[in-house]
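**Student:** The following block contains a protein sequence and its predicted model.
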Amino acid sequence: MELNSLRPALGATRDRKRIGRGPGSGHGKTATKGHKGQKARSGGSIKAGFEGGQMPLQRRLPKRGFTPLNRTEYAVINIKQLNLFEDGATVDLSSLMDLGIVKKGLDGVKVLADGVLERKLTVRAARFSAVAKEKISAAGGTVEEI
């Protein structure tokens, strides 16, 4: 093998359209730009969102709400999902991720009260709904807010 015999793999390259190379190329004269107009000129690009002078959509629509820069987003689970754990286990973010109940940790875990808890567990999470706390305590477990 020599340097002058190296070639890219089949299908790895594509021939680009050679525009403005005379009538024989099939892309001569206007060079695929049509006749006149802003897009036919050099430097004739249009900004994203520009609507020809009409008031653009992003300015016509009303502003709504507020997006805080440091928003906290919790991975939400329900009490019925905690029945997968064995009696007396400690439930925290890492154990939830190990079982595949939570995919991403985000800013912590919030436990909601949907379902019935049949195990005595120690649950460590960032947030709990009031009813979820009651249900965990009623089952004989403990609640630890991180």
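**Tutor:** Happy to help now that I have it. Residues are numbered from 1 along each chain as shown.
**Student:** Against which helices or strands is the longest helix along the chain packed?
**Tutor:** The longest helix of the chain (DSSP state H) is helix 130-138. When contacts are defined as 3 or more CB pairs under 8 Å, 6 or more residues apart in numbering; DSSP states H and E, helix 130-138 packs onto strand 109-112, strand 142-145. All C-beta spots, glycine's among them, are computed from the backbone N, C-alpha and C.
**Student:** Ok, which of those comes nearest Thr90?
**Tutor:** Taking CB to CB, strand 142-145 is the member of the helices and strands packed on helix 130-138 nearest to Thr90, at 8.9 Å.
**Student:** which outside residues touch the closest one?
**Tutor:** 121-128, 133, 136-137 (CB atoms under 8 Å, 6 or more residues apart in numbering).
**Student:** Grab the most central residue of the chain for me.
**Tutor:** Centrality entry for the chain: nearest residue to the mean C-alpha point is Lys104, 11.9 Å, by CA atoms, centre = their mean.
**Student:** Now Ile29: which helix or strand?
**Tutor:** Quick fix: residue 29 is Lys, not Ile. Assigned by DSSP states H and E, Lys29 falls within no helix or strand.
**Student:** Please name the nearest non-neighbouring residue to it.
**Tutor:** Taking CB to CB, 6 or more residues apart in numbering, and ignoring the residues beside it in sequence, Lys29 has Pro23 as its nearest neighbour in space, at 6.7 Å.
**Student:** The one you found: neighbouring residues, count only.
**Tutor:** 8 (other CB atoms under 10 Å).
**Student:** what number of residues lie near Leu82?
**Tutor:** 24.
**Student:** Please read the previous query as pertaining to Thr13.
**Tutor:** With other CB under 10 Å as criterion, Thr13 counts 9.
**Student:** Got phi/psi on it?
**Tutor:** With angles defined as degrees, to the nearest 10, Thr13 sits at phi -120, psi 160.
**Student:** any idea how far Arg7 is from it?
**Tutor:** Separation of Thr13 from Arg7 (CB to CB, to the nearest Å): 9 Å.
**Student:** gap between the two ends of stretch 8-24?
**Tutor:** Terminal residues of stretch 8-24 lie 28 Å apart, using CA to CA, to the nearest Å.
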